[in-house]
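Participant: Got a sequence here, can you model it:
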Amino acid sequence: MRFLLLSLFLLVTACGFQPLHSKAYRAQQAIDLASLVVEVDTERRGQLLEAEIADAVNPDYQRAEKLYRLNIDLTETDIPLFINPDGTSARGDIRLSSTYKLYRIADNMQVDKGSISRISSYNTSDQASAGYASFVSVEDAKRRAVMELAQDYKLRMANLLSKLSARE
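Facilitator: All right, here's what the predicted structure looks like:
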C-alpha cells in the first residue's frame with residue numbers, strides 16, 4: 001500500500017504538477033504578474049481599471065523586468081431593466097465589456113487576445129428627493145464592476161503568464 005502511494009506521488013510530480021497554494025508557486029506567480037504593464041484608455045473608468053489591475057497583479061509593488069504589455073479597450077453600457085410608468089428607470093445594470101491583447105515586449109508579438117465582461121446591478125428611486133442617492137447607487141455599481149473586472153484580469157493573467165513562462 002505504501003509503495004502504491006509513493007509511486008502515485010512520484011507520478012504526479014513527474015508530470016509537472018505543482019501545488020497551487022504552495023509558497024514557491026505563489027512567489028513565481030507574483031514575479032510573473034509583476035512583469036506585466038497594463039494600458040487602458042484614458043477615460044475615468046479606464047484609469048480606475050488600470051489602477052485596480054495594477055494593485056491586484058502587483059500588490060507589493062515588486063520590481064521586475066517588464067516582459068508583457070496588456071492593452072485593454074473598455075466599453076460601458078447602462079441597461080435599464082425596469083421602467084416606471086413615467087419613463088424613469090428603477091433598476092438597471094452596468095455592463096463593462098473589455099477586449100484585451102497581450103504582447104511580449106521584447107519582440108512586440110501578440111501572444112494572446114480575448115474579452116472579459118462584468119455586470120453590476122443598481123437600484124434607483126423615482127422620488128425627486130432621492131436624486132443624489134440614485135446617483136451614488138449608479139456610481140457604486142460602476143465601481144464594483146471595475147473592481148470585479150480587475151480581479152478577473154488578475155486571474156486570467158496569472159494563469160496565462162504561468163503557462164507562457166513555463167514554455168520559455
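
Participant: Would you tell me which helix is longest in the chain?
Facilitator: Criterion DSSP state H: the longest helix present in the chain is helix 131-167.

Participant: Rounded mean pLDDT for that one, please.
Facilitator: Helix 131-167 shows a mean pLDDT of 88.

Participant: Give the other helices and strands that that helix contacts.
Facilitator: helix 23-34, helix 44-57, strand 68-83, strand 89-104, strand 109-123 (3 or more Cβ pairs under 8 Å, 6 or more residues apart in numbering; DSSP states H and E). (Glycine included, C-beta is placed from N, CA and C.)

Participant: Which helix or strand in the protein has the lowest average pLDDT?
Facilitator: The least trusted helix or strand in the chain, going by mean pLDDT, DSSP states H and E, turns out to be helix 23-34, with a mean of 56.

Participant: partner strands of whatever helix or strand comes next after it, parallel or antiparallel?
Facilitator: Moving toward the C-terminus from helix 23-34, the next helix or strand (DSSP states H and E) is strand 36-40. Using DSSP bridges, strand 36-40 pairs in its sheet with strand 68-83 (parallel).

Participant: Any buried residues in the strand it pairs with, and which?
Facilitator: Under the neighbour-count criterion of 16 or more other Cβ atoms under 10 Å, strand 68-83 has Tyr68, Arg69, Leu70, Asn71, Ile72, Leu74, Glu76 buried.

Participant: how many neighbours does Met109 have?
Facilitator: Using other Cβ atoms under 10 Å, Met109 has 9 neighbouring residues.

Participant: Just give the nearest non-adjacent residue to it, would you?
Facilitator: Tyr103 (6.6 Å; Cβ to Cβ, 6 or more residues apart in numbering).

Participant: Run through the residues that contact that neighbour.
Facilitator: By Cβ atoms under 8 Å, 6 or more residues apart in numbering, Tyr103 lies in contact with Tyr68, Arg69, Leu70, Asn71, Met109, Gln110, Val111.

Participant: Could you list everything the fourth one pairs with in the sheet?
Facilitator: Residues in a beta bridge with Asn71, per DSSP bridges, are Glu39, Lys101.

Participant: any idea how far the nearest residue to Ala56 once chain neighbours are set aside is from Met147?
Facilitator: Distances taken as Cβ to Cβ, 6+ apart place Lys154 nearest to Ala56, at 4.0 Å, with adjacent residues excluded. Per Cβ to Cβ, to the nearest Å, Lys154 is found 11 Å from Met147.
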